[in-house]
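>>> no sequence on this one, just coordinates:
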């Protein structure tokens, strides 16, 4: 079972940037599609972005298009989420997740097999 560890969260002001990282514990990482989700207090976990195993295809939630970029480095077993022009409404715990169907772009929580513990992102106004 792959373990995922997120890092890179923090407290920033509106308009700033952050890059989140998620590192997997084993090399089978390169077989998985990866996704980022977020959960704000009192809200359901929601989809942010996903990337196929090769990195050739990506898909984003409408509310982050043009601001966030997902990428991966399979040699480092790591997926990234570059977040620019952050807004207070981006405040949430951000989770990475792995989907064993590496060629598919999935946006539902139930479609992912493994999850990290989350990293807090707080954007002040």
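Sure thing, it's come through. All values reported here derive from a predicted model rather than from experimental measurement. Residues are numbered from 1 along each chain as shown.
>>> Could you check how far the closest residue to residue 111 other than its chain neighbours is from residue 27?
In space, and not counting its chain neighbours, residue 111 is closest to residue 99: 6.0 Å by CB to CB, 6 or more residues apart in numbering. For the C-beta atoms, the positions are set from N, CA and C on the backbone; glycine is no exception. Distance, residue 99 to residue 27, using CB to CB, to the nearest Å: 17 Å.
>>> Which one's more surrounded, those two?
The neighbour comparison of residue 99 against residue 27 (other CB atoms under 10 Å) goes to residue 99, with 21 against 11.
>>> The residue nearest the centre of the chain pairs with what?
Centroid-nearest residue in the chain: residue 36, 2.3 Å away (criterion: CA atoms, centre = their mean). Per DSSP bridges, the residues bridged to residue 36 are residue 49, residue 96.
>>> Start at 817, not 1
Got it, first residue is 817 now, which makes that one residue 852.
>>> wait, doesn't it sit right on residue 897?
Yes. If you go by CB atoms under 8 Å, residue 852 and residue 897 touch, sitting 4.8 Å apart.
>>> Overlap in contacts, these two.
The contact sets of residue 852 and residue 897 overlap at 836, 838, 864, 865, 886, 910, 912 (CB atoms under 8 Å, 6 or more residues apart in numbering).
>>> Could you pick out the buried ones from these?
Buried members of the shared contacts of residue 852 and residue 897, counted by 16 or more other CB atoms under 10 Å: 836, 838, 864, 865, 886, 910, 912.
>>> got those as JSON lines, with distance to residue 903 and pLDDT columns?
Formatted as JSON lines, these follow (distance: CB to CB, whole Å; pLDDT from 0 to 100):
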{"residue": "836", "distance to residue 903": "16", "pLDDT": "98"}
{"residue": "838", "distance to residue 903": "22", "pLDDT": "98"}
{"residue": "864", "distance to residue 903": "13", "pLDDT": "98"}
{"residue": "865", "distance to residue 903": "16", "pLDDT": "98"}
{"residue": "886", "distance to residue 903": "18", "pLDDT": "98"}
{"residue": "910", "distance to residue 903": "14", "pLDDT": "98"}
{"residue": "912", "distance to residue 903": "21", "pLDDT": "98"}
